[in-house]
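Asks: sequence plus the predicted model coming up.
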Amino acid sequence: NDLSKIKVNKIVHTVELLDGGLIVINDTITVSADENVSVNFPIGFPYDYARYLIKCRAVAGNREIPIVSDYGLGSPGFYGVLVNLTSIEDEFKINSTPKNFTVTFIFSGPIVAEDDYLTVNFTLFPSLAIDAQKCHTTVIFPDSLNLTEASFTYNKTEAKENRNYYYLNPTPLEKFAYSKAKAWLRLRVSGSFIYAEIEKLERNIEVDLYGNINVKDTYYIVNKGTKTIDQITIFFPKEGYDFVVESAIGTKFSDVSKEDLKSNRLHIPSIGPNEKNVFSLVYKLNSTNGKYKLNISIDKITPILIKKLVVSFISPRGISFEPSSVVSTASSIKRDLSKDSVTFTLHNFTIIDSFQVTIAYRVNIFWASYPYTLIALISSSVILLGVFARRRPGPAPVTAPKVVVSPKIFRKFVESYEERIKIMSRIERLEEQARKGKIPRRQYKVRKTMLENKLSLLSKDLADLRERIRRSGPRYADIIRQLEIAEAQ
C-alpha cells in the first residue's frame with residue numbers, strides 16, 4: 001500500500017461533543033496525485049483512545065466505503081483503520097483533480113464528571129502515515145456548557161444553532177502525530193446538558209388486524225453525570241402522534257406537548273447522579289405502507305448512546321410473516337398463544353446509524369374472530385341439539401335426526417376450550433412477569449408447573465372430546481378442521 005504517490009491537500013478535522021456525552025470526530029480528507037493512483041488510506045489516533053472507540057465509518061459522497069478495523073498505521077503507539085478506497089475505484093479515482101472522503105469516529109467514555117464540571121479528552125488532529133499540507137480543526141459543544149480551560153489555543157469562536165464553535169489556525173500536519181494529537185478541555189455545566197447512556201431501548205411496534213400501529217419505546221437509562229436528569233433529547237418520529245410518557249410500572253407520567261415535540265425535548269421521571277431508571281414513550285404511527293407491508297425506518301432516535309437497541313414487530317395471531325430474506329436474518333422470531341413477533345437487535349446505535357426493513361405479512365381472516373367464532377358455532381350446535389333432545393313427540397310420527405353425541409359433550413368441549421385459552425394466557429402473562437423480574441424465580445417455577453400440569457390434563461380431555469365431535473357428522477368435523485388450521489397458523 002504505497003502512499004508515496006499521493007498528496008493530502010487538506011484535512012478538515014471536526015470534534016463535536018453531543019448532548020449525552022458522545023464525541024463525534026469527522027475527518028474530511030482531500031487527496032490528489034500527479035498520475036492515476038490506486039491505493040487504500042490508513043488513518044487513526046494515539047492508541048490511548050482506542051478503548052473508547054465504538055463506531056467508525058467512511059463515506060465518499062453518498063457512498064459508504066468499506067474499512068478494515070484495527071489495521072494500524074505502520075508505527076507503534078497508534079490505532080488505525082484502513083479506508084478501502086480501491087473498492088470504489090469506479091467512482092473515486094485519485095488523480096490530479098483533488099477529491100475528498102470523510103471518516104467518522106465516535107467515542108464514548110473519555111469524559112470525567114466532577115461537581116459542575118466535565119473534563120473531555122479527544123484528538124485535536126488525526127494521525128496519518130503521510131504528511132498533510134493543512135489541517136483545519138474545529139471544536140464544537142452545546143451552549144449549555146461553558147469553556148473554562150483548554151490544552152490548546154484557538155483563534156476564533158462562534159455561537160450558532162445552540163452550539164459553541166472554537167476554530168484553530170490551519171496548520172501543517174506531520175505524519176504520526178502523537179503528543180500534538182492529544183487534547184482536553186474543561187467545561188462547566190450551566191444548562192440542560194446531560195451525561196448519560198441508554199443501556200437498552202426496546203421498541204415494540206404492534207400492528208393489529210385493522211392496520212393500527214401502536215409503538216412502545218422502553219428506555220433503560222443510566223445517569224453518568226453529577227446532576228439529576230429530568231429531560232432528554234429525543235427526535236420524535238414524524239409519523240407519530242398521541243405521545244405519552246409512562247413510568248416503569250406502566251402508569252402515565254406525562255403527555256408530550258407541542259412545544260416539546262418542536263424542541264425535541266422529552267420530560268422523563270427524574271434520575272439522580274449515578275442512578276438508573278426505566279420509562280416508556282408510548283405513541284401511535286400513521287401508516288403510509290401497503291395493506292400487507294410495514295416499513296420500519298429508524299435513523300436518529302437520540303444523541304445519547306444506545307448500547308443495545310431491540311426492535312420488535314409484533315402482530316396478533318392471524319397476521320403471519322411472509323418468508324423473506326429480511327425476516328430470516330432477524331435476531332429472533334417468536335410465536336406464542338396470542339401473538340407473533342420478529343425481533344432485530346443492534347448494538348451501539350448512535351446518531352449516525354440507521355435501520356430500515358420492510359416486513360411483508362398476510363392476514364388470516366378466519367382468525368379475526370377466532371376463537372369466539374368457533375365457540376359460537378359449537379355453542380349454537382349445543383343449543384340446536386338441546387332442542388332436538390327436549391322435543392316431545394307429537395301426535396304424528398316425526399323422523400328426528402339421529403344424534404350420535406350428547407349435547408353435554410359439545411357443552412363440555414366449549415367450556416374446556418375456553419378454560420384452555422385462559423390457562424395459556426395465564427402462562428404467557430407469568431412468563432412476561434418473569435422476564436421483567438416482577439416475580440421471584442421460585443414462585444414463577446411453582447406456578448408455571450401447576451398451570452402446565454393442569455393444561456396437560458385438560459389437553460388430553462379435549463383430544464378425546466374433539467374426536468367424538470368429529471365423528472358426529474360432516475358439519476362438526478369441518479368446524480374441528482377449521483379449528484386445527486387456525487391453531488397451526
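Replies: That came through fine.
Asks: now the helices for the protein?
Replies: 258-263, 325-328, 365-368, 372-390, 407-435, 441-470, 474-488 (DSSP state H).
Asks: kindly calculate the angle that the longest one makes with helix 407-435.
Replies: Here helix 441-470 runs at an angle of 150 degrees relative to helix 407-435 (axes from the mean of the first three to the mean of the last three Cα atoms, to 10 degrees).
Asks: how far away from the center of its chain is helix 441-470?
Replies: 36 Å (Cα atoms, centre = their mean, to the nearest Å).
Asks: got the buried residues for that helix?
Replies: 444, 447, 451, 455, 458, 462, 465-466, 468-470 (16 or more other Cβ atoms under 10 Å). In this view, the C-beta of every residue, glycine as well, is placed from N, C-alpha and C.
Asks: for the chain, give me the ranges with low pLDDT.
Replies: Applying pLDDT under 70 to the chain flags residues 209-211, 287-293, 316-339, 361-407, 475, 482-489.
Asks: how does it look with 50?
Replies: For the chain, the stretches with pLDDT under 50 are 288-290, 325, 337, 365-373, 379-392, 394, 396-403.
Asks: how much space between Gln133 and Lys99?
Replies: Gln133 is 15 Å from Lys99, where distance means Cβ to Cβ, to the nearest Å.
Asks: then stretch 222-239 to PDB, C-alphas only?
Replies: Extracted C-alpha coordinates of stretch 222-239, given in PDB (Å, rounded to 0.1, in the frame of the first residue of the first chain):
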ATOM      1  CA  VAL A 222     -28.200   5.400  33.400                       C
ATOM      2  CA  ASN A 223     -27.200   8.900  34.600                       C
ATOM      3  CA  LYS A 224     -23.400   9.100  34.400                       C
ATOM      4  CA  GLY A 225     -23.200  12.800  35.400                       C
ATOM      5  CA  THR A 226     -23.400  14.700  38.700                       C
ATOM      6  CA  LYS A 227     -26.800  16.400  38.200                       C
ATOM      7  CA  THR A 228     -30.300  15.000  38.300                       C
ATOM      8  CA  ILE A 229     -31.800  14.300  34.800                       C
ATOM      9  CA  ASP A 230     -35.500  15.100  34.200                       C
ATOM     10  CA  GLN A 231     -35.400  15.600  30.400                       C
ATOM     11  CA  ILE A 232     -33.500  14.200  27.400                       C
ATOM     12  CA  THR A 233     -33.300  15.000  23.700                       C
ATOM     13  CA  ILE A 234     -35.500  12.800  21.500                       C
ATOM     14  CA  PHE A 235     -36.100  13.000  17.800                       C
ATOM     15  CA  PHE A 236     -39.800  12.200  17.600                       C
ATOM     16  CA  PRO A 237     -40.900  10.100  14.600                       C
ATOM     17  CA  LYS A 238     -42.600  12.500  12.100                       C
ATOM     18  CA  GLU A 239     -45.500  10.000  11.600                       C
END
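Asks: and that stretch, how far from the chain's centre?
Replies: Here stretch 222-239 shows a centroid-to-chain-centroid distance of 16 Å under the convention Cα atoms, centre = their mean.
Asks: list the buried residues in that stretch.
Replies: 223-227, 229, 232-234, 236-237.
Asks: farthest-separated two in those?
Replies: Thr226 and Pro237 (32.0 Å; Cβ to Cβ).
Asks: so where do the strands sit in the stretch 1-150 of the chain?
Replies: 6-17, 23-33, 41-46, 53-60, 63-65, 67-68, 78-83, 99-107, 111-114, 117-123, 127-128, 132-142, 145-150 (DSSP state E, counting those that start in this stretch).
Asks: now mean neighbour count too, for the ones you listed, in a markdown table please.
Replies: Output for the strands of the stretch 1-150 of the chain, formatted as a markdown table (neighbours: other Cβ atoms under 10 Å):
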| stretch | mean neighbour count |
| --- | --- |
| strand 6-17 | 20 |
| strand 23-33 | 20 |
| strand 41-46 | 24 |
| strand 53-60 | 18 |
| strand 63-65 | 15 |
| strand 67-68 | 16 |
| strand 78-83 | 23 |
| strand 99-107 | 20 |
| strand 111-114 | 15 |
| strand 117-123 | 20 |
| strand 127-128 | 26 |
| strand 132-142 | 19 |
| strand 145-150 | 15 |
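Asks: so which of those is nearest Leu294?
Replies: strand 63-65 (25.5 Å).
Asks: direction included, what does the closest one pair against?
Replies: strand 53-60 (antiparallel) (DSSP bridges).
Asks: ok, Ile29 to Thr119 distance?
Replies: Distance from Ile29 to Thr119, by Cβ to Cβ: 29 Å.
Asks: that older thread, ok, so of the buried residues of helix 441-470, who is nearest Ser87?
Replies: Nearest to Ser87 among the buried residues of helix 441-470, with distances taken as Cβ to Cβ, is Tyr444, at 51.5 Å.
Asks: how many neighbours does Val311 have?
Replies: Neighbour count for Val311, taken as other Cβ atoms under 10 Å: 22.
Asks: which residues are in contact with it?
Replies: 203, 205, 296, 298, 343-346, 355 (Cβ atoms under 8 Å, 6 or more residues apart in numbering).
Asks: burial of Val207, as a residue count?
Replies: Neighbours around Val207, by other Cβ under 10 Å: 21.
Asks: contacting residues for the closest residue to Ile351 other than its chain neighbours?
Replies: Among residues not flanking Ile351 along the chain, Pro303 sits closest, at 5.1 Å (Cβ to Cβ, 6 or more residues apart in numbering). Listed by Cβ under 8 Å, 6+ apart, the contact partners of Pro303 are 18-20, 22, 233, 351.
Asks: now do the closest residue to Ile480 other than its chain neighbours against Val414, distance only.
Replies: Of all residues not flanking Ile480 in the chain, Arg470 sits nearest, at 4.9 Å (Cβ to Cβ, 6+ apart). The gap separating Arg470 from Val414 is 15 Å, by Cβ to Cβ.
Asks: got it, and Phe193?
Replies: From Phe193 to Val414 the distance is 62 Å (Cβ to Cβ).
Asks: Pro110 is in contact with Ile54, correct?
Replies: No. Contact criterion Cβ atoms under 8 Å: Ile54 and Pro110 do not qualify, at 11.4 Å.
Asks: closest to Lys252 among the contacts of Val311?
Replies: The nearest one, if we look at the contacts of Val311 relative to Lys252 and count by Cβ to Cβ, is Arg203, at 19.4 Å.
Asks: what's the burial count for that closest one?
Replies: Other residues close to Arg203 by other Cβ under 10 Å number 20.
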